[in-house]
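S.K.: Below are the sequence and a predicted model; questions follow.
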Amino acid sequence: MKSDLVLRLSRIQQLPSVSPVAAKALEMIELPNVTAGQLGAIIEQDQTLAARLLQVANSPFYGFPRQISTIELAIVLLGFDTIKEIILTFLIQRFVSRFSSSLLDTYQFWQYSVFCGAAARVFARYLGYRVAGEAFVTALMHDIGILLLISASPAEYQRVRSLQKIRLLPLPDAEFAVFETTHAEVGGWLAQRWNLPETLATAIEQHHHYPKPVELPPVIAPNQIAHQLDQPLTVITALAEWAAAKLDRKQWAAEVRHPALYIPDPLLTVLDLEHQLTSEESTLRQEIQQEYEKALAFLHT
(Lines give C-alpha, C1' and ligand atoms only; values in the text may rest on other atoms or scores of the structure.)
Protein backbone atom coordinates (compact mmCIF):
# COMPACT_ATOMS: atom_id res chain seq x y z
CA MET A 1 0.00 0.00 0.00
CA LYS A 2 1.08 3.60 -0.57
CA SER A 3 2.64 5.21 2.50
CA ASP A 4 0.15 8.10 2.55
CA LEU A 5 -2.77 5.66 2.69
CA VAL A 6 -1.14 3.71 5.52
CA LEU A 7 -0.75 7.00 7.38
CA ARG A 8 -4.41 7.88 6.85
CA LEU A 9 -5.50 4.42 7.97
CA SER A 10 -3.36 4.68 11.08
CA ARG A 11 -4.99 8.00 11.98
CA ILE A 12 -8.57 6.69 11.86
CA GLN A 13 -10.10 7.68 15.18
CA GLN A 14 -12.12 4.49 15.44
CA LEU A 15 -9.41 2.21 14.01
CA PRO A 16 -10.01 -1.20 15.57
CA SER A 17 -7.19 -1.92 17.95
CA VAL A 18 -6.20 -4.69 20.29
CA SER A 19 -5.84 -3.60 23.91
CA PRO A 20 -2.55 -4.52 25.61
CA VAL A 21 -4.40 -7.14 27.66
CA ALA A 22 -6.11 -8.71 24.63
CA ALA A 23 -2.84 -8.64 22.69
CA LYS A 24 -1.03 -10.40 25.55
CA ALA A 25 -3.83 -12.96 25.85
CA LEU A 26 -3.72 -13.72 22.10
CA GLU A 27 0.06 -14.06 22.31
CA MET A 28 -0.15 -16.44 25.28
CA ILE A 29 -2.75 -18.64 23.56
CA GLU A 30 -0.20 -19.43 20.84
CA LEU A 31 2.50 -20.45 23.33
CA PRO A 32 3.04 -24.03 24.50
CA ASN A 33 2.56 -24.99 28.15
CA VAL A 34 0.44 -21.97 29.08
CA THR A 35 -2.11 -22.84 31.77
CA ALA A 36 -5.71 -21.70 32.07
CA GLY A 37 -4.76 -19.95 35.31
CA GLN A 38 -1.97 -17.95 33.66
CA LEU A 39 -4.18 -16.92 30.75
CA GLY A 40 -7.06 -16.10 33.07
CA ALA A 41 -4.85 -13.84 35.21
CA ILE A 42 -4.05 -11.78 32.10
CA ILE A 43 -7.64 -11.53 30.84
CA GLU A 44 -8.89 -10.46 34.29
CA GLN A 45 -6.86 -7.26 33.92
CA ASP A 46 -9.37 -6.04 31.30
CA GLN A 47 -12.76 -5.84 33.03
CA THR A 48 -14.72 -5.35 29.80
CA LEU A 49 -13.10 -8.32 28.09
CA ALA A 50 -13.44 -10.52 31.19
CA ALA A 51 -17.12 -9.63 31.54
CA ARG A 52 -17.72 -10.47 27.88
CA LEU A 53 -16.05 -13.87 28.22
CA LEU A 54 -18.15 -14.75 31.26
CA GLN A 55 -21.30 -13.50 29.53
CA VAL A 56 -20.65 -15.71 26.51
CA ALA A 57 -19.62 -18.72 28.62
CA ASN A 58 -22.89 -18.49 30.56
CA SER A 59 -25.07 -17.99 27.48
CA PRO A 60 -27.54 -20.60 26.18
CA PHE A 61 -25.20 -20.97 23.18
CA TYR A 62 -22.96 -23.25 25.26
CA GLY A 63 -25.58 -24.50 27.67
CA PHE A 64 -23.34 -25.42 30.58
CA PRO A 65 -25.41 -26.88 33.45
CA ARG A 66 -24.05 -24.56 36.12
CA GLN A 67 -22.99 -20.93 36.45
CA ILE A 68 -19.41 -20.18 35.39
CA SER A 69 -18.10 -17.57 37.81
CA THR A 70 -14.37 -17.42 37.02
CA ILE A 71 -12.36 -16.71 33.88
CA GLU A 72 -10.12 -19.70 34.60
CA LEU A 73 -13.07 -22.10 34.64
CA ALA A 74 -14.42 -20.55 31.43
CA ILE A 75 -11.04 -21.15 29.75
CA VAL A 76 -10.93 -24.76 30.96
CA LEU A 77 -14.44 -25.50 29.70
CA LEU A 78 -14.24 -23.60 26.40
CA GLY A 79 -10.62 -24.23 25.42
CA PHE A 80 -7.95 -21.88 24.13
CA ASP A 81 -9.17 -21.85 20.51
CA THR A 82 -12.67 -20.76 21.53
CA ILE A 83 -11.29 -18.08 23.87
CA LYS A 84 -9.24 -16.71 20.95
CA GLU A 85 -12.33 -16.75 18.75
CA ILE A 86 -14.37 -14.86 21.36
CA ILE A 87 -11.69 -12.19 21.84
CA LEU A 88 -11.30 -11.51 18.11
CA THR A 89 -15.04 -11.59 17.45
CA PHE A 90 -15.56 -9.08 20.26
CA LEU A 91 -13.01 -6.71 18.69
CA ILE A 92 -14.53 -6.97 15.21
CA GLN A 93 -18.10 -6.61 16.44
CA ARG A 94 -17.23 -3.54 18.50
CA PHE A 95 -15.70 -1.77 15.49
CA VAL A 96 -18.55 -2.59 13.10
CA SER A 97 -21.17 -1.48 15.64
CA ARG A 98 -19.53 1.98 15.81
CA PHE A 99 -19.24 2.38 12.04
CA SER A 100 -21.72 4.51 10.12
CA SER A 101 -21.62 5.72 6.50
CA SER A 102 -24.06 6.50 3.71
CA LEU A 103 -21.71 4.56 1.41
CA LEU A 104 -22.56 1.22 2.99
CA ASP A 105 -25.55 -0.44 4.59
CA THR A 106 -23.80 -1.44 7.80
CA TYR A 107 -26.61 -3.76 8.92
CA GLN A 108 -26.53 -5.72 5.65
CA PHE A 109 -22.74 -5.79 5.75
CA TRP A 110 -22.70 -7.22 9.28
CA GLN A 111 -25.33 -9.86 8.46
CA TYR A 112 -23.26 -10.82 5.43
CA SER A 113 -20.08 -10.99 7.50
CA VAL A 114 -21.73 -13.25 10.08
CA PHE A 115 -23.08 -15.46 7.28
CA CYS A 116 -19.58 -15.73 5.80
CA GLY A 117 -18.18 -16.68 9.20
CA ALA A 118 -20.83 -19.39 9.60
CA ALA A 119 -20.31 -20.70 6.08
CA ALA A 120 -16.54 -20.79 6.60
CA ARG A 121 -16.96 -22.84 9.77
CA VAL A 122 -19.09 -25.37 7.86
CA PHE A 123 -16.69 -25.49 4.89
CA ALA A 124 -13.75 -25.93 7.29
CA ARG A 125 -15.38 -28.99 8.85
CA TYR A 126 -16.49 -30.28 5.45
CA LEU A 127 -13.01 -30.02 3.91
CA GLY A 128 -11.14 -31.27 6.98
CA TYR A 129 -9.55 -28.01 8.11
CA ARG A 130 -8.77 -28.54 11.78
CA VAL A 131 -9.38 -25.09 13.29
CA ALA A 132 -12.96 -24.27 12.33
CA GLY A 133 -13.04 -21.35 14.76
CA GLU A 134 -10.12 -19.73 12.96
CA ALA A 135 -12.05 -20.06 9.70
CA PHE A 136 -15.05 -18.35 11.33
CA VAL A 137 -13.00 -15.37 12.53
CA THR A 138 -11.15 -15.01 9.21
CA ALA A 139 -14.34 -14.93 7.16
CA LEU A 140 -16.07 -12.69 9.70
CA MET A 141 -13.38 -10.02 9.23
CA HIS A 142 -12.28 -10.75 5.64
CA ASP A 143 -13.98 -7.62 4.20
CA ILE A 144 -13.29 -5.28 7.13
CA GLY A 145 -10.86 -3.39 4.90
CA ILE A 146 -13.89 -1.81 3.21
CA LEU A 147 -14.84 -0.10 6.45
CA LEU A 148 -11.27 1.09 6.92
CA LEU A 149 -11.04 2.56 3.42
CA ILE A 150 -14.37 4.36 3.85
CA SER A 151 -13.27 5.70 7.23
CA ALA A 152 -9.92 6.88 5.86
CA SER A 153 -11.20 8.46 2.63
CA PRO A 154 -14.98 8.68 2.25
CA ALA A 155 -14.79 11.02 -0.77
CA GLU A 156 -12.47 8.67 -2.62
CA TYR A 157 -14.64 5.70 -1.72
CA GLN A 158 -17.56 7.55 -3.29
CA ARG A 159 -15.51 7.44 -6.51
CA VAL A 160 -15.16 3.68 -6.03
CA ARG A 161 -18.94 3.35 -5.87
CA SER A 162 -19.32 5.53 -8.96
CA LEU A 163 -16.82 3.42 -10.91
CA GLN A 164 -18.77 0.30 -10.00
CA LYS A 165 -21.87 1.77 -11.60
CA ILE A 166 -20.32 3.54 -14.59
CA ARG A 167 -17.73 0.96 -15.66
CA LEU A 168 -19.45 -2.10 -14.13
CA LEU A 169 -16.32 -3.00 -12.20
CA PRO A 170 -16.18 -5.57 -9.41
CA LEU A 171 -15.58 -3.87 -6.08
CA PRO A 172 -11.85 -4.77 -5.71
CA ASP A 173 -11.14 -3.54 -9.26
CA ALA A 174 -12.86 -0.22 -8.59
CA GLU A 175 -10.95 0.15 -5.31
CA PHE A 176 -7.64 -0.48 -7.05
CA ALA A 177 -8.45 2.12 -9.72
CA VAL A 178 -8.89 4.74 -6.98
CA PHE A 179 -6.56 3.67 -4.16
CA GLU A 180 -4.03 1.41 -5.93
CA THR A 181 -4.95 -1.17 -3.29
CA THR A 182 -8.01 -3.19 -2.30
CA HIS A 183 -10.01 -3.85 0.83
CA ALA A 184 -8.42 -7.31 0.93
CA GLU A 185 -4.92 -5.86 1.19
CA VAL A 186 -6.07 -3.35 3.79
CA GLY A 187 -7.72 -6.13 5.80
CA GLY A 188 -4.49 -8.12 5.65
CA TRP A 189 -2.63 -5.04 6.91
CA LEU A 190 -4.99 -4.85 9.89
CA ALA A 191 -4.53 -8.56 10.67
CA GLN A 192 -0.77 -8.05 10.66
CA ARG A 193 -1.15 -4.98 12.85
CA TRP A 194 -3.06 -7.18 15.31
CA ASN A 195 -0.24 -9.77 15.14
CA LEU A 196 -2.66 -12.45 14.01
CA PRO A 197 -1.33 -15.74 12.57
CA GLU A 198 0.24 -15.39 9.13
CA THR A 199 -2.20 -17.89 7.59
CA LEU A 200 -5.13 -15.74 8.73
CA ALA A 201 -3.63 -12.49 7.43
CA THR A 202 -2.76 -14.18 4.13
CA ALA A 203 -6.31 -15.52 3.73
CA ILE A 204 -7.77 -12.04 4.19
CA GLU A 205 -5.24 -10.40 1.88
CA GLN A 206 -5.45 -12.97 -0.92
CA HIS A 207 -9.09 -14.09 -0.95
CA HIS A 208 -9.62 -12.12 -4.20
CA HIS A 209 -6.48 -13.46 -5.90
CA TYR A 210 -6.63 -16.08 -8.60
CA PRO A 211 -5.81 -19.45 -7.02
CA LYS A 212 -2.78 -21.54 -7.69
CA PRO A 213 -3.54 -24.59 -9.88
CA VAL A 214 -4.47 -27.73 -7.99
CA GLU A 215 -5.17 -31.27 -9.10
CA LEU A 216 -7.58 -33.34 -7.06
CA PRO A 217 -8.10 -37.08 -7.41
CA PRO A 218 -11.41 -37.86 -9.17
CA VAL A 219 -12.50 -39.75 -6.06
CA ILE A 220 -11.59 -38.18 -2.72
CA ALA A 221 -13.30 -37.87 0.64
CA PRO A 222 -14.27 -34.21 1.15
CA ASN A 223 -12.62 -34.08 4.59
CA GLN A 224 -9.26 -34.94 2.98
CA ILE A 225 -9.26 -31.99 0.58
CA ALA A 226 -7.83 -29.33 2.91
CA HIS A 227 -4.58 -31.30 2.99
CA GLN A 228 -4.39 -31.08 -0.81
CA LEU A 229 -4.66 -27.27 -0.94
CA ASP A 230 -1.80 -24.78 -0.92
CA GLN A 231 -3.74 -22.22 1.15
CA PRO A 232 -6.73 -24.01 2.67
CA LEU A 233 -7.82 -21.09 4.89
CA THR A 234 -7.75 -18.71 1.89
CA VAL A 235 -9.86 -21.15 -0.11
CA ILE A 236 -12.36 -21.54 2.75
CA THR A 237 -12.64 -17.75 3.13
CA ALA A 238 -13.23 -17.35 -0.60
CA LEU A 239 -15.79 -20.15 -0.56
CA ALA A 240 -17.67 -18.36 2.21
CA GLU A 241 -17.94 -15.18 0.11
CA TRP A 242 -18.90 -17.24 -2.95
CA ALA A 243 -21.68 -18.91 -0.96
CA ALA A 244 -22.93 -15.54 0.31
CA ALA A 245 -23.11 -14.18 -3.25
CA LYS A 246 -24.84 -17.32 -4.55
CA LEU A 247 -27.48 -17.09 -1.82
CA ASP A 248 -28.02 -13.34 -2.35
CA ARG A 249 -26.44 -12.30 0.94
CA LYS A 250 -24.10 -9.73 -0.65
CA GLN A 251 -26.51 -7.05 -1.82
CA TRP A 252 -24.62 -4.31 0.08
CA ALA A 253 -21.76 -4.62 -2.45
CA ALA A 254 -23.94 -3.57 -5.43
CA GLU A 255 -21.77 -5.66 -7.77
CA VAL A 256 -22.95 -6.28 -11.31
CA ARG A 257 -19.84 -8.36 -11.97
CA HIS A 258 -18.51 -10.70 -9.31
CA PRO A 259 -14.83 -10.37 -8.36
CA ALA A 260 -12.18 -13.05 -8.63
CA LEU A 261 -12.04 -15.46 -5.70
CA TYR A 262 -9.33 -17.85 -4.52
CA ILE A 263 -11.28 -21.00 -5.39
CA PRO A 264 -9.59 -23.70 -7.51
CA ASP A 265 -11.94 -24.81 -10.31
CA PRO A 266 -11.62 -28.54 -9.52
CA LEU A 267 -12.98 -27.90 -6.03
CA LEU A 268 -16.37 -26.80 -7.32
CA THR A 269 -16.64 -29.60 -9.87
CA VAL A 270 -15.31 -32.51 -7.82
CA LEU A 271 -17.62 -31.70 -4.90
CA ASP A 272 -20.51 -30.39 -7.03
CA LEU A 273 -20.64 -27.46 -4.61
CA GLU A 274 -22.88 -25.23 -6.71
CA HIS A 275 -25.64 -27.82 -6.75
CA GLN A 276 -25.15 -28.54 -3.06
CA LEU A 277 -25.43 -24.87 -2.22
CA THR A 278 -28.43 -23.98 -4.38
CA SER A 279 -30.53 -27.07 -3.65
CA GLU A 280 -32.87 -26.36 -0.74
CA GLU A 281 -32.72 -30.04 0.25
CA SER A 282 -28.93 -29.99 0.43
CA THR A 283 -27.45 -31.01 3.78
CA LEU A 284 -24.58 -28.57 3.26
CA ARG A 285 -26.94 -25.64 2.69
CA GLN A 286 -29.00 -26.58 5.73
CA GLU A 287 -25.86 -26.83 7.88
CA ILE A 288 -24.75 -23.36 6.78
CA GLN A 289 -28.16 -21.90 7.63
CA GLN A 290 -28.16 -23.58 11.05
CA GLU A 291 -24.61 -22.38 11.74
CA TYR A 292 -25.63 -18.85 10.70
CA GLU A 293 -28.53 -18.85 13.13
CA LYS A 294 -26.24 -20.12 15.89
CA ALA A 295 -23.69 -17.40 15.11
CA LEU A 296 -26.36 -14.69 15.31
CA ALA A 297 -27.43 -16.02 18.70
CA PHE A 298 -23.80 -16.13 19.84
CA LEU A 299 -23.12 -12.55 18.74
CA HIS A 300 -26.31 -11.18 20.28
CA THR A 301 -25.55 -12.70 23.68
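M.R.: All right, it came through fine.
S.K.: Helix, strand, or coil at Tyr157?
M.R.: When classified by DSSP: H, G, I helix; E, B strand; the rest coil, Tyr157 comes out as helix.
S.K.: give me the number of residues near the residue nearest to it when sequence neighbours are not counted?
M.R.: Of all residues not flanking Tyr157 in the chain, Ile150 sits nearest, at 4.7 Å (Cβ to Cβ, 6 or more residues apart in numbering). In this view, the C-beta of every residue, glycine as well, is placed from N, C-alpha and C. For Ile150, the neighbour count with other Cβ atoms under 10 Å is 22.
S.K.: and what of the one 10 residues further on?
M.R.: Val160 is flanked by 24 other residues according to other Cβ under 10 Å.
S.K.: how far out from the middle of the chain is the helix or strand hosting Trp242?
M.R.: Using DSSP states H and E, the element containing Trp242 is helix 232-246. Remark: helix 232-246 is offset 10 Å from the chain centroid, using Cα atoms, centre = their mean, to the nearest Å.
S.K.: what packs against that helix?
M.R.: Contacts defined by 3 or more Cβ pairs under 8 Å, 6 or more residues apart in numbering; DSSP states H and E place helix 232-246 against helix 106-127, helix 132-141, helix 198-206, helix 273-278.
S.K.: Quick one: mean pLDDT for the last one?
M.R.: To tie it back to what came earlier, the one meant is helix 273-278. Averaging pLDDT along helix 273-278 gives 89.
S.K.: going forward can the numbers begin at 316, since that is how I track them
M.R.: Okay, residue one is now 316; in that scheme the one you just asked about reads as helix 588-593.
S.K.: Tell me which residues of it come out buried.
M.R.: Residues of helix 588-593 classed as buried: Leu588, Gln591, Leu592 (neighbour count, 16 or more other Cβ atoms under 10 Å).
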